[in-house]
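>>> structural data only, the sequence is not supplied:
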Ligand SMILES: Nc1ncnc2c1ncn2[C@@H]1O[C@H](COP(=O)(O)OP(=O)(O)OP(=O)(O)O)[C@@H](O)[C@H]1O
């Protein structure tokens, strides 16, 4: 079990600044998700925590102790990767035993068997123990790689997009299982992904990384409901938040080349160029609503429909009930939930509620 703290970490590869003054605090036993697009610095952050990458400056603390100069083995962390990195010719049991048989470990054969059997049971792969790894499916292989981390009983599990090579159904199953595993083990998990659904559904805390900087850390609902800026607002939600340029006048949002609707006054933002943010589920479609738009696209998702609506020069997404009868090119009327509209500074993208 361990707290992890990164303080002022910088890491460059040549001209390329992968991490910029990164501060991060992960609490003991937390399921912490690092969310970011490709190249944001997620893997580099994990490798710095693991002791596989040396930061140019800054500190890594584990349980409050300065671990910056500790090697990977001293840190007692286990890394699970997207690529399985298993030994294909060994059996599942052979792969699970492997980390316990290295020269620096002093486990008796009984202890090894006990740990392997326990991990296999936890991951429901007992029936596969004698099978060669090369004859497993992708999902089974990923369970084995997680098993290889579990047998070591590390203080921290570092997971680098472990589900991204799996098909969607299997990803859903393993997402739930990983959360259960985290509860059972009570260990600290740091989980890296570019998939916002994974991040929001798994994390106790989510840290949003952009260009080597941590933009916001919060619970999934804080990140969703109160994004620090337009970058975070656009990083979570399917489809993401609608963002429209406009100004605030007399308690109304005047959307450029579009429409006017009331917003709950927050006492800031009048007279300056703004971006108004509203989630697709906070647009309200009903006859008699104040604004008219035209349906550009309809996506039927079974339980809900996602409409793309053109209003003047703005293109908005709205989530509606699957029962709503609507077709391409229909005229629809909508309003919004005035208390759900967020105001962002148009220039720097910051949520005015944070300013
Ligand atoms: N060993 C390396 N040599 C040179 N550049 C590197 C190296 N490792 C990472 N980088 C660069 O550092 C930046 C951050 O990379 P990193 O792999 O941490 O991002 P990431 O968020 O994990 O991306 P992805 O989702 O694509 O894996 C990228 O611009 C990458 O090209």
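Structure's in. What do you need? Being a predicted model, the structure only gives us computed values, none of them experimental.
>>> sketch out the low-pLDDT regions of the stretch 201-350 of the chain for me.
265-267 (pLDDT under 70).
>>> which helix of the chain spans the most residues?
The helix spanning the most residues in the chain, taking DSSP state H as the definition, is helix 168-185.
>>> so which elements touch that helix?
Here helix 168-185 touches helix 138-150, strand 188-193, helix 196-202, going by 3 or more C-beta pairs under 8 Å, 6 or more residues apart in numbering; DSSP states H and E. Placement of C-beta: from N, CA and C, glycine included.
>>> list the strands paired with the helix or strand immediately after the longest one in the chain, with their directions.
Yep, that's helix 138-150 we're talking about. Scanning forward in sequence from helix 138-150 by DSSP states H and E, the next helix or strand is strand 156-160. In the sheet, strand 156-160 lines up against strand 77-80 (parallel), strand 188-193 (parallel) (DSSP bridges).
>>> any residue of the last one up close to the ligand?
Same thing as strand 188-193. No: using C-beta under 6 Å from any ligand atom, strand 188-193 stays clear of the ligand, with a minimum separation of 6.5 Å.
>>> residues from this protein in reach of the ligand?
So far as C-beta under 6 Å from any ligand atom goes, the chain lies against the ligand at 13, 16, 18, 36, 38, 39, 40, 41, 42, 43, 44, 194.
>>> filter the residues you listed to the buried ones?
Buried members of the residues of the chain next to the ligand, counted by 16 or more other C-beta atoms under 10 Å: 18, 36, 40, 41, 42, 43, 44, 194.
>>> still on that earlier bit, and of the residues of the chain next to the ligand, the nearest to residue 264?
Of all the residues of the chain next to the ligand, residue 36 has the smallest distance to residue 264: 31.8 Å, by C-beta to C-beta.
>>> for that closest one, which non-adjacent residue is spatially closest?
Nearest non-adjacent residue to residue 36, counting by C-beta to C-beta, 6 or more residues apart in numbering: residue 209, 3.5 Å away.
>>> is it true that that neighbour touches residue 216?
No: the pair residue 209 / residue 216 is not scored as a contact, 9.7 Å apart, by C-beta atoms under 8 Å.
>>> what is in contact with these two at once?
Here residue 209 and residue 216 have no joint contacts, going by C-beta atoms under 8 Å, 6 or more residues apart in numbering.
>>> give me the more crowded residue out of those two.
residue 209 (26 against 21; other C-beta atoms under 10 Å).
>>> quick one on the thing from earlier: in strands, which of the residues of the chain next to the ligand appear?
Using DSSP state E, the members of these that fall within strands are 13, 16, 18.
>>> returning to that earlier point: return the most buried member of the helices and strands packed on helix 168-185.
strand 188-193 (a mean of 25; mean count of other C-beta atoms under 10 Å).
>>> picking that back up, give me the sheet partners of whichever strand or helix holds the residue nearest to residue 36 and which way each runs.
Residue 209 belongs to strand 205-210 when elements are defined using DSSP H and E. Take DSSP bridges as the rule and strand 205-210 pairs in its sheet with strand 31-35 (parallel), strand 213-218 (antiparallel).
>>> mean neighbour count, those strands: which tops it?
The most buried one of the strands paired with strand 205-210 (mean count of other C-beta under 10 Å) is strand 31-35, showing a mean of 25.
>>> between the strands paired with strand 156-160, which one is closest to residue 153.
With C-beta to C-beta as the criterion, residue 153 lies closest to strand 77-80 of the strands paired with strand 156-160, at 8.9 Å.
>>> list of residues touching that closest one?
By C-beta under 8 Å, 6+ apart, the residues outside strand 77-80 that reach it are 46, 49-52, 145-146, 148-150, 152, 154-160, 162.
>>> and with 10 Å instead?
The contact list for strand 77-80 (C-beta atoms under 10 Å, 6 or more residues apart in numbering) reads 2, 4, 46-47, 49-52, 62, 67, 72, 85, 99, 142, 145-162, 178, 187-191.
>>> rebuild the ones in strands among the residues of the chain next to the ligand as TSV, extending it with pLDDT.
Conversion of those to TSV gives the following (pLDDT from 0 to 100):
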residue	pLDDT
13	97
16	95
18	97
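>>> dump those residues to JSON lines, plus distance to residue 128.
Listed next are those as JSON lines, based on distance: C-beta to C-beta, whole Å:
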{"residue": "13", "distance to residue 128": "39"}
{"residue": "16", "distance to residue 128": "41"}
{"residue": "18", "distance to residue 128": "38"}
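>>> closest to residue 239 among these?
For these, the nearest to residue 239 is residue 18 (29.6 Å; C-beta to C-beta).
>>> contacts only, for the closest one.
So residue 18 contacts 9-12, 39-45, 47-48, 53, 55-56, 211-212 (C-beta under 10 Å, 6+ apart).
>>> gap between it and residue 134?
Distance of residue 18 to residue 134, given as C-beta to C-beta, to the nearest Å: 34 Å.
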